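K.L.:
sequence and predicted structure below; questions after.
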Amino acid sequence: MSSLILASTSRYRRELLTRLGIAFECASPAIIEVQHGGELPLENCRRLALEKANDVARRNPNSVVIGSDQVLDLDGEALSKPGDHATAFAQLKRCQGRKLICYTALAVVAPGQAPKIDVVPTTIAYRSLPDAELEAYLAREKPYDAAGSVKVETSGIALLSSITSDDPTAIIGLPLIRLVDFLRELRELRELRVLGA
């Protein structure tokens, strides 16, 4: 049975993967997360998810490695983690009253197999809110590690008027429905145990 590694230090992704009830470890990928010139947001998160998985897989060649990345598409610009208050506020202001697509990419790298990769889109509609409400949200949640500055698993949900996706876990950072598909396929190939099967 292959060991399973999540190529992420994100507590949100770790908490999501814990839902599946399978043993895994976490490892930090050593890559630079930037959008290349001319690269569309969907391509950006797809590339980064695969780079994360490949980086950790190189150091753990006998493991199955899960990589994931998330970006918000704002007119072709990839909005990812803001990192600080000023950037987060600017992101929220730019998104007010708009519908955007949040792309969550998933890559699974297993020994001797071609990488499995997919991107799950989620359409999110932002409310138009006063600056004071945005500032209060930022002060309370400090969502500087969340793509587009919205933590939907906390009070950030109040910033949105709708979320549309085939997988509700994708918006939090790890599309579990697609991941289970990939892991079930790998069970047949690598005898990886999924959900105790």
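P.N.:
Okay, I see it.

K.L.:
any idea which helix or strand comes after the longest helix belonging to the chain?
P.N.:
Determined from DSSP state H, the single longest helix within the chain is helix 41-59. Tracing the chain past helix 41-59, the next element assigned as helix or strand by DSSP states H and E is strand 63-74.

K.L.:
now do the buried residues in the following helix or strand past that next one.
P.N.:
Remark: after strand 63-74, the chain's next helix or strand is strand 77-79, criterion DSSP H and E. Neighbour-count burial for strand 77-79, counted by 16 or more other Cβ atoms under 10 Å, picks out 78-79. Heads up, the C-betas are built off the backbone N, CA and C, glycines and all.

K.L.:
what do you get for stretch 28-45?
P.N.:
Buried residues in stretch 28-45, counting neighbours by 16+ other Cβ under 10 Å, are found at 29, 31, 35, 40-45.

K.L.:
for stretch 120-129, same thing?
P.N.:
Using 16+ other Cβ under 10 Å as the test for burial, stretch 120-129 gives 120, 122, 124, 126, 129.

K.L.:
reformat the buried residues of stretch 28-45 as CSV; add distance to residue 147 and pLDDT.
P.N.:
CSV is the format used below for the buried residues of stretch 28-45 (distance: Cβ to Cβ, whole Å; pLDDT from 0 to 100):
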residue, distance to residue 147, pLDDT
29, 16, 95
31, 16, 85
35, 12, 72
40, 15, 91
41, 10, 91
42, 13, 94
43, 16, 94
44, 11, 91
45, 9, 93
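
K.L.:
now distance to residue 156 too, for the residues you listed, in a markdown table please.
P.N.:
Output for the buried residues of stretch 28-45, formatted as a markdown table (distance: Cβ to Cβ, whole Å):
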| residue | distance to residue 156 |
| --- | --- |
| 29 | 25 |
| 31 | 26 |
| 35 | 23 |
| 40 | 25 |
| 41 | 20 |
| 42 | 22 |
| 43 | 26 |
| 44 | 22 |
| 45 | 19 |
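
K.L.:
greatest separation within those: which pair is it?
P.N.:
Largest separation among the buried residues of stretch 28-45 by Cβ to Cβ: 29 and 40, giving 21.7 Å.

K.L.:
and the longest helix of the chain, how far from the chain's centre?
P.N.:
Chain-centre distance of helix 41-59: 11 Å, with Cα atoms, centre = their mean, to the nearest Å.

K.L.:
okay, the angle between that helix and strand 63-74?
P.N.:
Put simply, helix 41-59 runs at 160 degrees to strand 63-74, going by axes from the mean of the first three to the mean of the last three Cα atoms, to 10 degrees.

K.L.:
contacts for helix 41-59, please.
P.N.:
5, 7-8, 27, 29-31, 33, 35-36, 39, 63, 65-73, 76-79, 101, 103-109, 115, 117, 119, 121 (Cβ atoms under 8 Å, 6 or more residues apart in numbering).

K.L.:
those residues, buried ones only, as a ChimeraX selection?
P.N.:
Provided next is the ChimeraX selection string for whichever of these are buried by 16+ other Cβ under 10 Å:
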select :5,7,8,27,29,31,35,63,65,66,67,68,69,70,71,72,73,78,79,101,103,104,105,106,107,108,109,115,117,119
